[in-house]
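Participant: dropping a prediction and its sequence here:
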Amino acid sequence: MGFFKKFLAVFHDDWCSECQNVMEEKSRKLYMLPMMVGHYVSHQDAEYYKENLIPVNRKADIPTGTYACGIVTYRCPECLHQAVKVSVFLPVRDQEKYEEVLYFDKGEMDDFVR
């Protein structure tokens, strides 16, 4: 059963990678990225996001053709492990066209989300 839960945790962004329990959502925030349509470049490094994210209150505040980023922080109620999900998308006509979703669960984004 332990292997099966660990395997399933890979497919659930809200399952703890340490103990495989369901994590609680702590916060959800919206940001703008300094990238325009046609100029998207993938970044795997947490430092890029910490240096370039611009907080916004709502999608309507993001200029047309500019990429956005949703950040969700999770915390495991069992082992207290934390994880951050970074979803990069382009807002298009009330929809979100996702480019990539990154997970940082080794503390890379902890200082940013506090």
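Facilitator: That came in fine, so what should we check first?
Participant: in terms of helices and strands, where is the closest residue to Lys50 other than its chain neighbours?
Facilitator: Distance criterion Cβ to Cβ, 6 or more residues apart in numbering; nearest residue to Lys50, sequence neighbours excluded, is Phe112 at 4.6 Å. From N, CA and C alone the C-beta is placed, and that goes for glycine too. Secondary-structure assignment from DSSP states H and E places Phe112 in helix 110-113.
Participant: show residues contacting that helix.
Facilitator: 27, 29, 46, 49-50, 53, 71, 73, 82, 84 (Cβ atoms under 8 Å, 6 or more residues apart in numbering).
Participant: restricting to C-alpha, output the longest strand anywhere in the chain in CSV.
Facilitator: Determined from DSSP state E, the single longest strand within the chain is strand 24-36. Taking Å, rounded to 0.1, in the frame of the first residue of the first chain, the C-alpha atoms of strand 24-36 are listed here in CSV:
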residue,chain,number,x,y,z
GLU,A,24,-4.2,21.6,3.0
GLU,A,25,-4.2,24.7,0.8
LYS,A,26,-2.7,27.6,2.7
SER,A,27,-2.9,30.4,0.2
ARG,A,28,-3.6,31.2,-3.5
LYS,A,29,-2.2,34.3,-5.2
LEU,A,30,-2.1,35.8,-8.6
TYR,A,31,1.0,37.3,-10.3
MET,A,32,2.0,38.8,-13.6
LEU,A,33,5.2,37.7,-15.5
PRO,A,34,7.3,40.1,-17.6
MET,A,35,6.7,38.0,-20.8
MET,A,36,4.4,38.7,-23.7
